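Asker: 3D model of this:
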Amino acid sequence: MSNIEHFRDIGRPFDLFGEHYVIFGDTFCNNSKGDFVGLANNTVAHVPLPAYPWLTNYLESEENGMVKLFVPLTEEEKKFEKTPEGGRVCLWMFGGVVEMEDGTGRVWYDKSIIRNQAPEYIGEFGCLHESLHESI
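Answerer: Okay, the predicted model is just below:
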């Protein structure tokens with residue numbers, strides 16, 4: 001556990017392979033000094049003690065405190081975010097994760113672009129299932 005406090009919103013718990021997790025809509029990332037370093041969407045944290053669900057460990061964080069996205073952006077999406085006409089590409093997984101009989105997990109996501117504080121639904125949604133077991 002990093003002991004870095006991150007604020008987050010829209011958390012949804014799920015169980016997978018006998019472990020407890022929470023998937024978040026947005027995570028407001030801070031460094032070890034408490035300084036804001038960025039906003040990450042679609043992050044997942046492990047809940048090692050279900051009696052204390054607020055004590056979580058993110059699956060992966062960078063040294064500066066930025067939490068890595070559970071489903072990463074494509075290279076094209078990363079480039080788009082850096083352009084003047086770009087926006088923030090968000091993959092929100094409000095449906096949570098479902099454990100399947102074959103031992104894999106499925107997560108459904110909605111992809112949107114945020115421009116000028118307003119979401120633009122870009123009509124893309126999907127189901128990720130190939131890497132859930134390896135990610136968690």
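Asker: nearest residue to residue 90 other than its sequence neighbours?
Answerer: Distances taken as CB to CB, 6 or more residues apart in numbering place residue 41 nearest to residue 90, at 4.5 Å, with adjacent residues excluded. Just so you know, the C-beta spots here come from the backbone N, C-alpha and C atoms, and that holds for glycine as well.
Asker: list the contacts for the one you found?
Answerer: 25-27, 69, 88, 90-92 (CB atoms under 8 Å, 6 or more residues apart in numbering).
Asker: Let's have the residues you listed in CSV, adding secondary structure.
Answerer: Converted to CSV, the contacts of residue 41 look like this (DSSP: H, G, I helix; E, B strand; the rest coil):
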residue, secondary structure
25, strand
26, strand
27, strand
69, coil
88, strand
90, strand
91, strand
92, strand
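Asker: would you turn those into a markdown table with neighbour count, pLDDT and distance to residue 58?
Answerer: Compiled in a markdown table, the contacts of residue 41 are given as follows (neighbours: other CB atoms under 10 Å; pLDDT from 0 to 100; distance: CB to CB, whole Å):
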| residue | neighbour count | pLDDT | distance to residue 58 |
| --- | --- | --- | --- |
| 25 | 17 | 88 | 14 |
| 26 | 17 | 90 | 13 |
| 27 | 24 | 91 | 8 |
| 69 | 18 | 92 | 11 |
| 88 | 17 | 86 | 20 |
| 90 | 21 | 87 | 18 |
| 91 | 22 | 86 | 16 |
| 92 | 19 | 84 | 17 |
